[in-house]
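Undergrad: give me a model of this one.
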Amino acid sequence: PTGSATQTFCAISNPTVASLTATGTNIQWYAASTGGTALASTTALVDGTTYYASQTANGCESASRLAVKVNITATAAPTGLATQTFCAINNPTVANLVATGTNIQWYAASTGGTALASTAALVDGTTYYASQTASGCESAGRLAVKVSITATSAPTGSATQTFCAISNPTIANLVATGTSIQWYAASTGGAALASTTALVDGTTYYASQTANGCESAGRLAVKVSITATAAPTGSATQTFCAISNSTIANLVATGTNIQWYAAATGGTALASTTALVDGTTYYATQTANGCESASRLAVKVNITATAAPTGSATQTFCAISNPTIANLVAIGTSIQWYAASTGGTALASTAALVDGTTYYASQTANGCESKNRFAVTVAITATAAPTGSATQTFCAINNSTVASLTATGTSIQWYAASTGGTALASTTALVDGTTYYATQTANGCESKSRLAVTVAITAIAAPTGSATQTFCAISNSTVASLTATGTSIQWYAASTGGTALASTTALVDGTTYYATQTANGCESASRLAVKANITATAAPTGSATQTFCAISNPTVANLVATGTSIQWYAASTGGTALASTTALVDGTTYYVTQTANGCESASHLAVKVNITATAAPTGSATQTFCAISNPTVASLTVTGTNIQWYVASIGGTALASTTALVDG
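TA: Numbers count the residues shown, from 1 in each chain. Got it, this is the predicted structure:
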């Protein structure tokens, strides 16, 4: 058959052998130029492969075949953003989708389906798929694009907004919460208003916001209210006292959020601290609902001045009488005293006067206190406090009294407080940690100030220690053997009083002894009671004569006595305990003690030692045997009883009677 030697197909059409073309009758296609089996018409074509066609005419198939090379064109999917965002206000359609490629078509599915119309409305959150067609072939793969449609909400804010007429409000003064706010004269459409557009009372304005590049379709409606506030009311003339140093803050007007000015119109509000000037007129506005009044209340100021009182410029008092402000004298009405020539608070009549201090008196007439004050210098005669140590220390054991306190001065008296009170009796017992106060009297005046003396009474605790202390009779214990924890310990025979016992005083069994300690120069008043127990341990018991075999080489360790913690000595008293390895000597007497409850017995058990030495057996020093008789130890002969044979002259183990004898 005849036909094109190269045939091209689009990959998207999934071409098969049936897609190949050749001119002839009863065409059949093969995978080889000769032989083989005809391919099924549904066999998928492979890019770059050559296929071979035969035809059959008059019942005969052609021997030669037409060779056709297959080219399969695969067009790539277009490219673009996987997510594309649009503003809801623009009513976006498929025509607004963007993909890079040629002959772009959009579908509702990733494969198959019919291309969407360009006017099809986009749906938020939906994924659309784009193909491109190049060289006559549409791409099998498609670009997936998810659509996000942004619907920007209207801004928020107060539906009614109020402004002060005096501020000449404009669009720029309107407030809405949102981004890129724009204001309009209508709820939809129209051009945005300029920020300098004057607001009109009772008019509604509409705000949109633009977020993420999208202006809101809905708008916030705001009705404008423009307020005009009336002037405050009040007295047209107001009077003040010169001493008050009155300021704008002292002016009175009825209204809210009052502000004062120096002129009937314009200017800056005066500071509340601005001093008032006699005969001057001031002007007040009020601010209500956030709006200051355009008109102002006029107030004329009158300031009244009162003269200072008169009197003696120097006044003298005794310190001991505790003179107060009430003792000062000035001529005038409604006198008040101060610590300064101006300002400050009037002193209480009970305030104590201070020597050398100047006090200042004012008077009040016609309701006004004098601004100027009369000065009075006070002279107070004072006797100094006595001197002495601020801390005085006593031993509790001495039972010290007020008479024990010391101070340098004349006619000393002691008190329980730094001021006031009654002088203490000299026999009053001192209390540890308490402060006592001393005065002296000179020239008939007792000192107002007092010397403070804090009393430290040193109470030394009794020493500590075991209430019962046990000693061994053998130790011949003395007072020096008693123990107590403390410093400079002394022992007594009684719980109080008495003389300290000598350290060499012998202890008596069952007797109680009493210990004190001395610290910081004070002996303890209380004493530690210690009962002395003297323990006498009996001698151990046992056989007075003990016998041993010489061959066993007996030592002190072989001696026997009944008791606890046994120790053996070479003498009945004194000496050092013998080592357990000390060899016993025949005929010698040894002495044993026992130790119970920590005490060794003073008496000893005497044990005499007898050591028995048995003579060696007798016999021939040389004994001869015939080898043929296989002589054994049993063949040896000596004279004696219970004979045993050894291989050494001392020690070792007895030989068995069957042990073979060795020559030599």
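
Undergrad: could you use CA atoms for every contact and neighbour count after this?
TA: Will do.

Undergrad: now do the same contact list for the residue positioned nearest the centre of the chain.
TA: The geometric centre of the chain, computed from its C-alpha atoms, lies nearest to Gly433 (C-alpha atoms, centre = their mean), at 39.1 Å. Applying C-alpha atoms under 8 Å, 6 or more residues apart in numbering, we find Gly433 in contact with 454-457.

Undergrad: which of those residues lies closest to Pro323?
TA: Pro323 lies nearest to Thr454 out of those, by C-alpha to C-alpha, at 29.2 Å.

Undergrad: leaving out the residues flanking it, which one is nearest to the closest one?
TA: Closest residue to Thr454 apart from its sequence neighbours, by C-alpha to C-alpha, 6 or more residues apart in numbering: Thr435 at 4.0 Å.

Undergrad: that neighbour against Ala416, yeah?
TA: Yes. At 7.2 Å, Thr435 counts as touching Ala416 under the criterion of C-alpha atoms under 8 Å.

Undergrad: neighbour count winner among these two?
TA: Thr435 (20 against 16; other C-alpha atoms under 10 Å).

Undergrad: on that earlier part again, in a helix, the residue nearest to the centre of the chain, correct?
TA: No. Counting by DSSP: H, G, I helix; E, B strand; the rest coil, Gly433 is not part of a helix but coil.

Undergrad: sorry, back to before: name the member of the contacts of Gly433 that has the highest neighbour count.
TA: In these, the most neighbours by other C-alpha under 10 Å go to Ile457, 21 neighbours.

Undergrad: hey, what's that residue bridged with?
TA: Here Ile457 shows beta-bridge partners Phe394, assigned using DSSP bridges.

Undergrad: my guess is it contacts Ile397, does it?
TA: No. With contact defined as C-alpha under 8 Å, Ile457 does not count as touching Ile397 (9.2 Å).

Undergrad: so what sits against both of these two?
TA: Jointly contacting Ile457 and Ile397 under the rule C-alpha under 8 Å, 6+ apart is no residue at all.

Undergrad: how about the contacts made by the nearest residue to Tyr646 once chain neighbours are set aside?
TA: Using C-alpha to C-alpha, 6+ apart and skipping the chain neighbours, the partner closest in space to Tyr646 is Ala654 (5.0 Å). Ala654 makes contact with 644-646, according to C-alpha under 8 Å, 6+ apart.

Undergrad: which of those residues are buried?
TA: Neighbour counting with 16 or more other C-alpha atoms under 10 Å marks none of the contacts of Ala654 as buried.

Undergrad: show me where the stretch 1-150 of the chain has helices.
TA: With DSSP state H, counting those that start in this stretch, there are no helices along the stretch 1-150 of the chain.

Undergrad: for it, which spans come out with low pLDDT?
TA: Within the stretch 1-150 of the chain, not a single segment meets pLDDT under 70.

Undergrad: can you give me the strands in it?
TA: Using DSSP state E, counting those that start in this stretch, the strands of the stretch 1-150 of the chain run over 6-10, 28-30, 50-54, 56-57, 60-61, 66-73, 83-87, 105-107, 127-131, 133-134, 137-138, 143-150.

Undergrad: can you redo these as CSV with distance to Thr478 and mean neighbour count?
TA: Shown next, in CSV, are the strands of the stretch 1-150 of the chain (distance: least, C-alpha to C-alpha, whole Å; neighbours: other C-alpha atoms under 10 Å):
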stretch, distance to Thr478, mean neighbour count
strand 6-10, 129, 17
strand 28-30, 137, 23
strand 50-54, 134, 24
strand 56-57, 150, 13
strand 60-61, 149, 12
strand 66-73, 127, 20
strand 83-87, 109, 17
strand 105-107, 121, 23
strand 127-131, 113, 25
strand 133-134, 127, 16
strand 137-138, 127, 21
strand 143-150, 109, 21
